[in-house]
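Engineer: okay, predicted coordinates and the sequence, questions at the end:
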Amino acid sequence: MKHIEVVAGIIIYKDRILCMQRNANKYDYLSYKYEFPGGKVEPDETNSQALMRELREEMEIEINISESDFFMTVVYQYPDFKVTMHSYICQVNSPEFIRKEHINHLWLKRQDLDKLDWAPADQPIVKKLMLE
Ligand SMILES: Nc1nc2c([nH]c(=O)n2[C@H]2C[C@H](O)[C@@H](COP(=O)(O)OP(=O)(O)OP(=O)(O)O)O2)c(=O)[nH]1
């Protein structure tokens with residue numbers, strides 16, 4: 001079965017976390033779900049390089065990310081593929097970005113994160129963020 005390596009950014013501005021809504025997808029279980037922005041790691045890229053590239057491409061966010069920003073890794077088995085997702089805390093100084101691929105976004109306080117319909121692999125990240 002296909003196994004993909006993904007990076008995701010927990011974008012934090014003041015006391016709010018950026019939640020991005022995916023568009024329709026060939027897999028119903030991912031369509032319109034909320035997620036943390038990011039994407040697949042390409043060969044010869046480090047995780048932080050991949051995340052900086054994805055945030056630049058997807059949202060025009062220019063940010064420096066290093067291994068010290070690592071938050072947690074989730075391994076999740078979807079019906080059609082397995083994902084290993086590495087998440088990083090990304091503190092930003094401005095809430096500005098350009099939404100190029102997602103259909104909606106919300107800036108939520110930690111305690112409200114569980115009000116959204118998250119991609120299944122994101123549940124452990126949401127849970128951990130709510131504990132802090
Ligand atoms: N970026 C991101 N991807 C996530 C999260 N949770 C989760 O299950 N995923 C999955 C969805 C996708 O299968 C994969 C991310 O890769 P992607 O963004 O390049 O994939 P995609 O489905 O949008 O596009 P593609 O496969 O058609 O290229 O990881 C998350 O919080 N952020």
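Structural biologist: Arrived safely, thanks for sending.
Engineer: make it CA atoms for all contacts and neighbour counts henceforth
Structural biologist: OK.
Engineer: hmm, His105 and Gln21 touching each other?
Structural biologist: Yes: in this structure, Gln21 is within contact of His105 by Cα atoms under 8 Å, at 5.8 Å.
Engineer: do you know the pLDDT at the residue sitting nearest the centre point of the chain?
Structural biologist: Nearest to the mean C-alpha position of the chain, counting by Cα atoms, centre = their mean, stands Phe36 at 2.1 Å. On pLDDT, Phe36 comes in at 98.
Engineer: roughly how far does it sit from the ligand?
Structural biologist: Taking Cα to the nearest ligand atom, to the nearest Å as the measure, Phe36 falls 4 Å from the ligand.
Engineer: rewinding a little: pick out whichever of Gln21 and His105 has more residues nearby.
Structural biologist: The neighbour comparison of Gln21 against His105 (other Cα atoms under 10 Å) goes to Gln21, with 23 against 14.
Engineer: distance of that one from His3?
Structural biologist: Using Cα to Cα, to the nearest Å, Gln21 is found at 23 Å from His3.
Engineer: show me what from this protein comes close to the ligand.
Structural biologist: Selection of the chain residues close to the ligand by Cα under 6 Å from any ligand atom yields Val6, Ala8, Glu35, Phe36, Pro37, Gly38, Gly39, Lys40, Ala119, Ala121, Asp122.
Engineer: alright, I will stop here.
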